[in-house]
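Student: Return a 3D structure for these sequence lines:
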Amino acid sequence: MLIAGFPAGAWGTNCYVVAPAAGEECVIIDPGHEAAQGVEDTLAKHRLKPVAVILTHGHIDHVASVVPVCGAHGVPAWIHPRDRYMLDDPEKALGRSIGAQLLGEITVGEPDDLRELSDGSSLELAGLELTVAHAPGHTKGSVAFRLPETAEIPSVFFSGDLLFAGSVGRTDLPGGDMDEMYASLARVCLPLDDSTVVLSGHGPQTTIGRERASNPYLAELARGLGEAGQTAPPRRGM
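Tutor: The predicted structure follows:
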């Protein structure tokens, strides 16, 4: 398995290129702000051919390079239908105070071939099998992708802005909801094995076991405490 990731753009959003091995087909996850050149460099370095772009959610820091990347390689993009509107209207998705700063420096819109993700579905792309989990909270259409465990590697969980090392995604932008965030964490993250590697939308990689033990949001759920919003670090993401 080959997973190459790099932080891109003003928000340091992690873009991932995933393939069974060097020299094969690949999937690109979350090509965000100023990610296009990093994608091209990664493809060239590992001799990869992209077959699809898949998106954890619609915020501009995760999707800003979707149109140029898809156009350059003639591949489709996949997004949850509840976040599809964000591709055309990032200001509506982020709120005027943030969105207005971006308009004029980022070209928005849908790629020529845009397809919709659904909860529990399986994407078989580039010789990979990625399970889709709808995980609202950060946005209404947030999803996470999971690669199954193999004899060589543990399961890998691409969490987007659902779960970070030590924190979770912010819920104060349009479409965010803390109750939905806790429900998604409980339904999508807690059942995963401790060995599952978490590759998130921002920051370093971690594991479910580490987060179960030390992330205050997951620890609260694991202990079965009912009240959300107890003392915890700031939530992250766009």
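Student: Sort out which residues of stretch 122-132 are buried, please.
Tutor: Using 16 or more other CB atoms under 10 Å as the test for burial, stretch 122-132 gives L123, L125, A126, L128, L130, T131, V132. From N, CA and C alone the C-beta is placed, and that goes for glycine too.
Student: Quick one: mean pLDDT over that stretch.
Tutor: The predicted model assigns stretch 122-132 a mean pLDDT of 97.
Student: do the same with stretch 79-87
Tutor: So the average pLDDT for stretch 79-87 ends up being 96.
Student: do stretch 50-67 as well
Tutor: Averaged across stretch 50-67, the pLDDT comes to 96.
Student: could I have it exported to CSV, CA atoms only?
Tutor: Coordinates of each C-alpha in stretch 50-67 appear next as CSV, following Å, rounded to 0.1, in the frame of the first residue of the first chain:
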residue,chain,number,x,y,z
PRO,A,50,-5.4,8.9,-10.9
VAL,A,51,-8.8,7.4,-11.5
ALA,A,52,-10.9,9.5,-9.1
VAL,A,53,-11.0,12.3,-6.6
ILE,A,54,-13.0,11.6,-3.4
LEU,A,55,-14.0,14.3,-0.9
THR,A,56,-14.6,14.1,2.9
HIS,A,57,-16.7,17.3,2.8
GLY,A,58,-17.3,20.5,0.8
HIS,A,59,-15.3,23.2,2.6
ILE,A,60,-13.1,25.2,0.2
ASP,A,61,-9.9,24.2,2.0
HIS,A,62,-10.6,20.6,1.0
VAL,A,63,-12.1,21.1,-2.5
ALA,A,64,-10.4,24.2,-4.1
SER,A,65,-8.3,22.1,-6.5
VAL,A,66,-10.9,19.6,-7.5
VAL,A,67,-11.8,21.2,-10.8
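Student: So which bits of that stretch are buried?
Tutor: For stretch 50-67, a neighbour-count test (16+ other CB under 10 Å) marks 50-67 as buried.
Student: Please tell me how far that stretch is from the chain's geometric centre.
Tutor: 9 Å (CA atoms, centre = their mean, to the nearest Å).
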